[in-house]
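[1] Could you look at this predicted model? Sequence included:
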Amino acid sequence: MSVETMRGTYARMPWVKVAALSLIIAIPAMLLGRVIWPPATGGPEPTSAQLPFFIFESFFEALSLGLGVAFLVFGLPVVRQVESTWRLRAWLMYLSTGWLMVSWWSHGNLHISNSDNLQRLLYIEYGYHVTLVIAGAIIAYCFLSLMRERGGAASVR
């Protein structure tokens, strides 16, 4: 297979680029999460039965980070080409979706390293939970407003 044929094949298969970038981000994130945010000492330790579930959750959060970065990288050219009447909503949905995907890795790791510091817990809760709700509300509003414009108000009801 020639280099040109391979380039053409990958150009038709964007999921390969998305998967590759996602894993390039997710694997180091999975390995570095506990290094950047060491687990709090003195708290409860997971049982051997619970440990695989916590490891899977950490992997899932790291994978979400990787997919979110891939979304932001490969979605940027698309958002830049949106027509002017939809541009603000497209940017709001793009950034909100990116935040919904990339935030889980740091959010989960901050909880693990928090211990019983309630002030820090409040910062985590407001910094993540409130902003995630706002991002979801932005996406919902923009989606419905675009559907109304695109198909008429009667089609949304």
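    Cool, got the structure.

[2] Would you map the helices across the chain?
    3-12, 14-36, 51-80, 87-114, 118-124, 131-151, 153-156 (DSSP state H).

[3] export the ones you listed to a markdown table and tack on mean neighbour count?
    Using the backbone N, CA and C atoms, a C-beta is placed for each residue, glycine as well. Below are these laid out as a markdown table (neighbours: other CB atoms under 10 Å):
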| stretch | mean neighbour count |
| --- | --- |
| helix 3-12 | 10 |
| helix 14-36 | 15 |
| helix 51-80 | 16 |
| helix 87-114 | 18 |
| helix 118-124 | 12 |
| helix 131-151 | 14 |
| helix 153-156 | 10 |
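
[4] Distance to residue 43 and mean pLDDT added to those, as JSON lines?
    What follows is the helices of the chain, written out as JSON lines (distance: least, CB to CB, whole Å; pLDDT from 0 to 100):
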{"stretch": "helix 3-12", "distance to residue 43": "46", "mean pLDDT": "54"}
{"stretch": "helix 14-36", "distance to residue 43": "14", "mean pLDDT": "95"}
{"stretch": "helix 51-80", "distance to residue 43": "13", "mean pLDDT": "96"}
{"stretch": "helix 87-114", "distance to residue 43": "9", "mean pLDDT": "96"}
{"stretch": "helix 118-124", "distance to residue 43": "13", "mean pLDDT": "95"}
{"stretch": "helix 131-151", "distance to residue 43": "24", "mean pLDDT": "94"}
{"stretch": "helix 153-156", "distance to residue 43": "48", "mean pLDDT": "50"}
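
[5] Spatially central residue for this protein, please.
    Centroid check for the chain by CA atoms, centre = their mean gives residue 101 as the closest residue, at 1.1 Å.

[6] Can you give me the separation between it and residue 141?
    19 Å (CB to CB, to the nearest Å).

[7] Now for residue 128, how many residues are close by?
    If you count neighbours by other CB atoms under 10 Å, residue 128 ends up with 18.

[8] How much space separates residue 73 from residue 147?
    Separation of residue 73 from residue 147 (CB to CB): 27 Å.

[9] meant to ask about residue 67
    If you go by CB to CB, the gap between residue 67 and residue 147 works out to 25 Å.

[10] Residue 54 too?
    With CB to CB as the criterion, residue 54 and residue 147 are 39 Å apart.

[11] ditto for residue 140
    11 Å.
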